[in-house]
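J.: pasting the sequence and the predicted coordinates here, then a few questions.
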Amino acid sequence: MMEVDLMHPSYDSWDSDDEYEKFIKRMNPPRVDIDNESCARATVVRVDSANKYGILLEVVQVLTDLNLIIIKAYISSDGGWIMDVFNVTDHEGKKIRDETTIKLLVDYIRKSLWADSSFLPSRRRSVDFAPSSDYTSIELTGTDRPGLISEVSAVLTDLKCNVVTAEIWTHNNRAAAVMQVTDEVTGAAITDLEKLSKIKELLCNVLRGNNKTRGAKTAISMGVTHTERRLHQMMFADRDYQRTGQELVDETMRPKVSVVNCYDKEYSVVTIQCKDRPKLLFDTICTLTDMQYVVFHANADGEGPEAYQEYYIRHIDGFPINSEAERERIIQCLEAAIERRVSEGLKLELCTNDRVGLLSDVTRIFRENGLTVTRAEVSTKDGKAVNTFYVRDATGNQVDARILDSIRQAIGQTVLQVKEVSRSPPQESPTRFLFGGLFKSRSFCNFGLAKSYS
């Protein structure tokens, strides 16, 4: 077992509340334990610390950013103290034994635990023009349609911008993207205000399209932001959780989310059952935090083909959910958070030498062959472009093999690899309330203390 006692930082502020919080930390220093012995299948990460709003999300974000798979989680944060346990593996299902990864894990969690300011989720961390020195970050939201990414990429190419990294999500006919771009000439962030204004104007026109009822937004963000957290915030602010009735929805694949009130303990109990996938825990906790709910207890299990999560929450004002409208909104938002990463059809992986206009050329070929991009991850490292696209036929049917062959010939057989994404309906399974270990295999709901709104 590797045990780490976290050293306290220097104390500059004489604010009484701040000093009291620091005093509590000195008396009860946070701890991070990395244990490879007690669990046969996974590395156990234990985190004990004084609690503050948003710290659970920060810890889960560290695990996710290090590409670790959380197969089980046990969370408790009553009484001003958090006691969290995560069972994690790498993407091959193996324990984390690499010393470098373990050190990074401990260091990053330590920084999140010792952060001086309380975490308050921002749904709009952007200013008009404040690029970093390395790249300019562009945030986009608008109406999704076939060829949209191709049009956005073409505009950036015409304006002599190189896309360094990008992540694009689509959900419920809405699209959101965070793109890091550089100036083709300087290879650095774009500093020309006139050029930035032109980028913003043209991209907003593309995003708006013919949709007169839903708006489009383009912003140049300040500094470095966490892309996936920001995408959740952008789509939440864009109300992608509101279904229009026009989107293609496979009801058998929709996550099962329920919300009931536990009146004896004054919690609201949220349970989720859906197909398991990486980053699921991050997505649900991110959404609850952005909606300003506090998780007091939680248990998550992702060891099978299905994932089960149970949260005992209150609003940040200290009250449980108190209306049917609020309950429905939580269900809609959690469903949206789970569905944003779910991808249908084909997964196409591209790896080749990077160049200006590459993303525009590749997505143009997709568009010309009748494919639409539902999600994309674009990255550049050491002069190599490593891109992943999730595509489907614009009509919703499977991609024709002849069209796929034509696309690969145009882009390059060895450059573009194809992996079919299979999506089978979830297997029926009895509902499981997951606080069994703490309450002798019985949930609060089983004590008759929880009452549904319906």
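T.: Yep, that arrived.
J.: that's a helix at Pro278, yeah?
T.: No. According to DSSP: H, G, I helix; E, B strand; the rest coil, Pro278 belongs to no helix; its state is coil.
J.: against Glu306, how distant is it?
T.: 14 Å (C-beta to C-beta, to the nearest Å). C-beta coordinates here come from the backbone N, C-alpha and C atoms, glycine included.
J.: so for these two, which sits in the more crowded spot?
T.: Glu306 (18 against 15; other C-beta atoms under 10 Å).
J.: report pLDDT for the more buried one.
T.: Model confidence at Glu306, given as pLDDT, is 93.
J.: use 36 as the first number for this chain going forward.
T.: Sure, I'll start numbering at 36, so the last one becomes Glu341.
J.: looking at it, it is touching Ile307, isn't it?
T.: No. Contact criterion C-beta atoms under 8 Å: Glu341 and Ile307 do not qualify, at 10.2 Å.
J.: which parts of this structure belong to which domain?
T.: 37-149, 161-278+378-455, 286-377+461-487 (automatic domain parsing).
J.: in the stretch 36-185 of the chain, where is pLDDT below threshold?
T.: Low-confidence segments of the stretch 36-185 of the chain (pLDDT under 70): 36-63, 150-168.
J.: can you give me the strands for it?
T.: Ranges of strands in the stretch 36-185 of the chain, per DSSP state E, counting those that start in this stretch, are 37-40, 66-70, 78-85, 104-111, 116-124, 161-162, 171-178.
J.: you'd agree Thr322 is up against Leu369?
T.: Yes. Applying C-beta under 8 Å, one finds Thr322 in contact with Leu369, separated by 5.9 Å.
J.: tell me the contacts of Glu263?
T.: Glu263 makes contacts with 99, 202, 314, 317, 321, as judged by C-beta atoms under 8 Å, 6 or more residues apart in numbering.
J.: what helix or strand is the residue lying closest to the last one once chain neighbours are set aside located in?
T.: What sits nearest to Cys321 in space, not counting adjacent residues and going by C-beta to C-beta, 6 or more residues apart in numbering, is His267, at 5.0 Å. The secondary structure element spanning His267 is helix 262-272 (assigned by DSSP states H and E).
J.: could you give the angle of that helix to strand 171-178?
T.: Between helix 262-272 and strand 171-178, the angle comes out at 30 degrees (axes from the mean of the first three to the mean of the last three C-alpha atoms, to 10 degrees).
J.: tell me what Phe121 is bridged to.
T.: On the basis of DSSP bridges, Phe121 is bridged to Val80, Ala108.
J.: for the stretch 186-335 of the chain, which spans come out with low pLDDT?
T.: Scanning the stretch 186-335 of the chain for pLDDT under 70 picks out 247-248, 257-259, 280-287.
J.: mind listing the strands for it?
T.: 196-206, 209-218, 252-256, 291-297, 302-310, 328-336.
J.: of all these, which one is nearest Asn432?
T.: For Asn432, the closest of those is strand 196-206, at 17.5 Å, according to C-beta to C-beta.
J.: and the angle from the closest one to strand 171-178?
T.: Going by the same axes, to 10 degrees, strand 196-206 makes 40 degrees with strand 171-178.
J.: strand 196-206: partners in the sheet, and parallel or antiparallel?
T.: Partners of strand 196-206 in its sheet, by DSSP bridges: strand 209-218 (antiparallel), strand 406-416 (antiparallel).
J.: check what contacts it and list those residues.
T.: Counting by C-beta under 8 Å, 6+ apart, 170, 179, 184, 188, 191, 210-219, 222, 225, 234, 262-263, 266, 270, 275, 371, 374-376, 391, 394, 408-415 sit against strand 196-206.
J.: list the contacts of Leu369.
T.: 290, 292, 305, 307, 319, 322-323.
J.: from those, which is closest to Leu175?
T.: Nearest to Leu175 among these: Thr322, at 20.5 Å, using C-beta to C-beta.
J.: counting neighbours, what do you get for the nearest residue to that closest one once chain neighbours are set aside?
T.: Excluding its sequence neighbours, the residue lying closest to Thr322 (C-beta to C-beta, 6+ apart) is Ala372, at 4.0 Å. Around Ala372 there are 28 other residues, counting by other C-beta under 10 Å.
J.: OK, contacts around Ala372?
T.: Applying C-beta under 8 Å, 6+ apart, we find Ala372 in contact with 267, 318-319, 321-322.
J.: change it to 10 Å
T.: Going by C-beta atoms under 10 Å, 6 or more residues apart in numbering, Ala372 touches 206, 267, 270-271, 275-276, 290, 292, 307, 315, 317-323, 325-326.
J.: okay, and it sits in which element?
T.: In the assignment (DSSP H and E), Ala372 maps to helix 359-374.
J.: quick one: that helix to strand 196-206, angle?
T.: Using the same axes, to 10 degrees, the inter-axis angle of helix 359-374 relative to strand 196-206 is 130 degrees.
J.: list the buried ones in helix 359-374?
T.: 361-362, 364-374 (16 or more other C-beta atoms under 10 Å).
J.: picking up where we left off before, and the strands of the stretch 36-185 of the chain, which is most packed in?
T.: Most buried of these by mean neighbour count (mean count of other C-beta atoms under 10 Å) is strand 171-178; its value is a mean of 23.
J.: angle of that strand against strand 252-256?
T.: With the same axes, to 10 degrees applied, the angle from strand 171-178 to strand 252-256 works out at 160 degrees.
J.: CA atoms only for strand 171-178, dumped as CSV, please.
T.: C-alpha atoms of strand 171-178 as CSV (Å, rounded to 0.1, in the frame of the first residue of the first chain):
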residue,chain,number,x,y,z
THR,A,171,-6.8,30.5,-29.4
SER,A,172,-9.7,28.5,-28.0
ILE,A,173,-13.0,28.9,-29.8
GLU,A,174,-16.3,27.7,-28.3
LEU,A,175,-19.3,27.0,-30.6
THR,A,176,-22.9,26.0,-30.0
GLY,A,177,-25.6,25.8,-32.6
THR,A,178,-28.1,23.7,-34.6
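J.: give the pairing partners of it; include direction for each.
T.: strand 209-218 (antiparallel), strand 252-256 (antiparallel).
J.: dump these to TSV, plus mean neighbour count and distance to Lys382.
T.: Listed next are the strands paired with strand 171-178 as TSV, based on neighbours: other C-beta atoms under 10 Å; distance: least, C-beta to C-beta, whole Å:
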stretch	mean neighbour count	distance to Lys382
strand 209-218	24	18
strand 252-256	20	28
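J.: any chance of those strands in a markdown table, plus distance to Asn86?
T.: Shown next, in a markdown table, are the strands paired with strand 171-178 (distance: least, C-beta to C-beta, whole Å):
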| stretch | distance to Asn86 |
| --- | --- |
| strand 209-218 | 30 |
| strand 252-256 | 30 |
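J.: and the ones you listed: which comes nearest Leu439?
T.: Closest to Leu439 of the strands paired with strand 171-178, according to C-beta to C-beta: strand 209-218, at 23.3 Å.
J.: do a quick rundown of the helices in the stretch 386-489 of the chain.
T.: Under the criterion DSSP state H, counting those that start in this stretch, helices of the stretch 386-489 of the chain are mapped to 393-403, 436-446.
J.: name the stretch among those that sits most buried.
T.: Compared across the helices of the stretch 386-489 of the chain, helix 393-403 shows the largest average neighbour count, a mean of 21 (mean count of other C-beta under 10 Å).
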